[in-house]
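Asker: below is the structure, and that's it, no one-letter string:
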């Protein structure tokens, strides 16, 4: 990205947002991210002309949908403002990271072209990184251009995108050349280390063949083996050897000085499914300093050698590896140094970016000239819309059939119903509906009164309590009383509760009447699907009252028959949904 900026492009580089959740060993990186964020404006800082770096603070859960949603909105809110502030419209989006967050950002940011530079086989790098495969496949399918660093990655990516090109890692040749030609002092960390120095630059990770290093170090005690980079795996097998030195992580600008003082440079990787895809970054950095390189038989280095006149010494086993190190230590020929420099120069980032830029410009030109195929694209778009419309219509039709023409909703509503065998009680209590399940005034209370009167006449209780504070032309409680009297219930057997405007108040005010009358048990009459909520409120507010559920057995509103096609109508669905929503609301209010 720095090379692109040097070539006159404006670049904003977004620092890695992660492919896994952080661990304790990542503490220094987390501190660095916070430091970088605060050193800029909302995390964005200018490095040099044309190059900006954005260090976003993100939730460290790269595959959790809610975290991806939050991180995307957070990053976009800042990027949108920055893009407007610097007039950075329709950029080329270039990504190394195929995460769900990257996909979301590409989808949301208007851009001219999208480029995916695939530099790693995430599926084989670690167990947690395997989660990234699904989003990587999506990214490959939508990318306008795909660059890869190895032949195996090329074959993999070609399965999802035909516009794939191989570009192994390059080197900032000018930076390394400047150090190579300078007369600067040796790094203080290696001043007292005996030569010849067999050196390695990079992370000391699980892909390094530590057994191989141990054997070589034991058999060549007169060689010093120097490792410059962060330790990322258990190296206890090597720490007891006096000719092995770990110098830790160093700033990138210091690396050329270390390599300059190496006599031989190593790439001692194990041969695995993961390293079969690896083109080591350090290879061209070693060559840019004119140093001999000894490597294990990585497939990418074998291919590299074929194109570079066997510039790298490749050992297929321990014996070959140690023999090649011996030969390289004694190889001081100037012509070989120049050959290495020529290969490194050919693989400089300047050359890589020049070739990449040609492909990008060509892809952008082809994309911008899509007008030539406007008719084809226009028809294709309408076909896509029609296909989506048909799919949505089919789904809606299936859902409509399932909801209205199968017993599914009645099955889902069944937990709301409670019915018990009637028992003798102190009173029969009727909760009127108000607007009730129908959503309309005056519907529902009549059948409840008839049910209560029937229980009264069968001798289950000698008192009727009608509870309702609603009034529509006439007070609902008085209308219920009138109906009961018309059915030959003595007025002296009827008690009215005329204040309640909700089920909670029905229970609360009925309890007051029951307490005053010293009544302890009731038969409760209401609609079938209202019973669960009423009993839950009684259990909270009037636990000491024994409640026997006696809902209306054949409610007209909830009538449904197996005859005919349609099993339920919209008003009935609304009534059932009303009950479930009301239960949630009552729970929230603490009434249950």
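Answerer: Perfect, I can see it now. Worth saying up front: this structure is predicted, and the values here are computed from it rather than measured.

Asker: contacting residues around stretch 149-160?
Answerer: The contact list for stretch 149-160 (Cβ atoms under 8 Å, 6 or more residues apart in numbering) reads 117-119, 121, 137, 140-141, 146, 148, 164, 166-169, 276-279, 299-300, 303. Heads up, the C-betas are built off the backbone N, CA and C, glycines and all.

Asker: those, buried ones only, as a PyMOL selection?
Answerer: With 16 or more other Cβ atoms under 10 Å as the criterion, this PyMOL line picks the buried residues out of those:
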select buried, resi 117+118+119+121+140+146+148+164+167+168+169+276+277+278+279+299+300+303
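
Asker: so which of the contacts of stretch 149-160 are in helices?
Answerer: 137, 140, 141, 299, 300, 303 (DSSP state H).

Asker: JSON lines for the residues you listed, including distance to residue 485 and pLDDT?
Answerer: Listed next are the ones in helices among the contacts of stretch 149-160 as JSON lines, based on distance: Cβ to Cβ, whole Å; pLDDT from 0 to 100:
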{"residue": "137", "distance to residue 485": "75", "pLDDT": "93"}
{"residue": "140", "distance to residue 485": "80", "pLDDT": "95"}
{"residue": "141", "distance to residue 485": "76", "pLDDT": "95"}
{"residue": "299", "distance to residue 485": "97", "pLDDT": "92"}
{"residue": "300", "distance to residue 485": "97", "pLDDT": "90"}
{"residue": "303", "distance to residue 485": "100", "pLDDT": "91"}
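
Asker: which one of the residues you listed is nearest to residue 1?
Answerer: residue 140 (21.2 Å; Cβ to Cβ).

Asker: can you name the next helix or strand after the longest helix belonging to the chain?
Answerer: In the chain, with assignment by DSSP H, the single longest helix is helix 374-405. The first helix or strand that comes after helix 374-405 along the chain, using DSSP states H and E, is helix 408-413.

Asker: give me phi/psi at residue 451?
Answerer: Backbone torsions for residue 451, taken as degrees, to the nearest 10, come to phi -60, psi -40.

Asker: residue nearest the centroid of this protein?
Answerer: Closest to where the C-alpha atoms of the chain average out (Cα atoms, centre = their mean) is residue 63, at 3.0 Å.

Asker: which SS class is it?
Answerer: coil (DSSP: H, G, I helix; E, B strand; the rest coil).

Asker: how about residue 483?
Answerer: Taking three-state DSSP, the label given to residue 483 is helix.

Asker: quick check, it in contact with residue 447.
Answerer: No. Here residue 483 does not reach residue 447: they are 10.4 Å apart, not a contact under Cβ atoms under 8 Å.

Asker: picking that back up, among the contacts of stretch 149-160, which ones are in strands?
Answerer: Among these, the members falling in strands (DSSP state E) are 117, 118, 146, 148, 164, 166.

Asker: give the contact list for the third one.
Answerer: Put plainly, it is residue 146. Here residue 146 is in contact with 115, 116, 117, 118, 140, 157, 161, 163, 164, 165 (Cβ under 8 Å, 6+ apart).

Asker: picking up where we left off before, closest one of the ones in helices among the contacts of stretch 149-160 to residue 461?
Answerer: Here the nearest of the ones in helices among the contacts of stretch 149-160 to residue 461, counting by Cβ to Cβ, is residue 137; it sits at 69.6 Å.

Asker: ok, now which ones touch that closest one?
Answerer: residue 160.

Asker: shouldn't residue 523 be within a strand?
Answerer: Yes. According to three-state DSSP, residue 523 belongs to a strand.

Asker: run a quick neighbour tally on it.
Answerer: Residues lying near residue 523 (other Cβ atoms under 10 Å) number 26.

Asker: please apply the same query to residue 266.
Answerer: Based on other Cβ under 10 Å, the number of other residues close to residue 266 is 27.

Asker: in the host helix or strand of it, what's buried?
Answerer: Here residue 266, judged by DSSP H and E, is contained in strand 264-267. By 16+ other Cβ under 10 Å, the buried positions in strand 264-267 come out as 264, 265, 266, 267.

Asker: likewise stretch 466-476?
Answerer: Quick answer for stretch 466-476 (16+ other Cβ under 10 Å): 466, 467, 468, 469, 470, 476.

Asker: what of stretch 69-89?
Answerer: For stretch 69-89, by 16+ other Cβ under 10 Å, it's 71, 72, 75, 79, 82, 83.

Asker: what's in contact with the helix or strand where residue 580 lies?
Answerer: Per DSSP H and E, residue 580 falls inside helix 570-589. Residues from elsewhere that reach helix 570-589 (Cβ under 8 Å, 6+ apart): 403, 409, 412-413, 416, 436-439, 503-504, 529-530, 532-533, 536-537, 557-558, 560, 592.

Asker: quick revisit: find the nearest non-adjacent residue to the residue nearest to the centre of the chain, please.
Answerer: The shortest distance from residue 63 to any non-neighbouring residue, by Cβ to Cβ, 6 or more residues apart in numbering, is to residue 131 (5.0 Å).

Asker: burial count for that neighbour?
Answerer: By the measure other Cβ under 10 Å, the count of residues near residue 131 is 17.

Asker: same check on residue 454?
Answerer: Residue 454: 16 neighbours (other Cβ under 10 Å).

Asker: how about it, secondary structure?
Answerer: Under three-state DSSP, residue 454 falls in the helix class.

Asker: and the pLDDT for it?
Answerer: Turning to residue 454, the model gives it a pLDDT of 95.

Asker: repeat that for residue 373.
Answerer: Here, the pLDDT recorded for residue 373 equals 61.

Asker: which residues touch stretch 354-371?
Answerer: In contact with stretch 354-371 (Cβ under 8 Å, 6+ apart) are residues 7, 92, 112, 113, 115, 144, 145, 147, 163, 165, 167, 377.

Asker: re the thing from before, quick check: buried residues in the longest helix of the chain?
Answerer: Within helix 374-405, the residues scored as buried using 16+ other Cβ under 10 Å are residue 404.

Asker: what of stretch 173-181?
Answerer: Result for stretch 173-181 [16+ other Cβ under 10 Å]: buried residues 173, 175, 176, 177, 179, 180.

Asker: now these in CSV, with distance to residue 52, secondary structure and pLDDT?
Answerer: Converted to CSV, those look like this (distance: Cβ to Cβ, whole Å; DSSP: H, G, I helix; E, B strand; the rest coil; pLDDT from 0 to 100):
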residue, distance to residue 52, secondary structure, pLDDT
173, 25, helix, 92
175, 21, helix, 90
176, 25, helix, 93
177, 27, helix, 93
179, 27, helix, 92
180, 31, helix, 93
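
Asker: could the buried residues of strand 264-267 be laid out in JSON lines, adding distance to residue 510 and pLDDT?
Answerer: Below are the buried residues of strand 264-267 laid out as JSON lines (distance: Cβ to Cβ, whole Å; pLDDT from 0 to 100):
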{"residue": "264", "distance to residue 510": "94", "pLDDT": "97"}
{"residue": "265", "distance to residue 510": "89", "pLDDT": "96"}
{"residue": "266", "distance to residue 510": "87", "pLDDT": "97"}
{"residue": "267", "distance to residue 510": "84", "pLDDT": "96"}
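
Asker: of these, closest to residue 26?
Answerer: Among the buried residues of strand 264-267, and counting by Cβ to Cβ, the member closest to residue 26 is residue 267, at 25.7 Å.

Asker: surely the closest one and residue 301 touch.
Answerer: Yes. With contacts counted by Cβ under 8 Å, residue 267 reaches residue 301, the gap being 7.0 Å.

Asker: returning to what we had before: show me which of the contacts of stretch 354-371 are buried.
Answerer: 92, 113, 115, 144, 145, 147, 167.

Asker: so what's the second one up against?
Answerer: In other words, residue 113. By Cβ under 8 Å, 6+ apart, the neighbours of residue 113 are 92, 93, 144, 145, 360, 363, 364, 367.

Asker: done for today, thanks.
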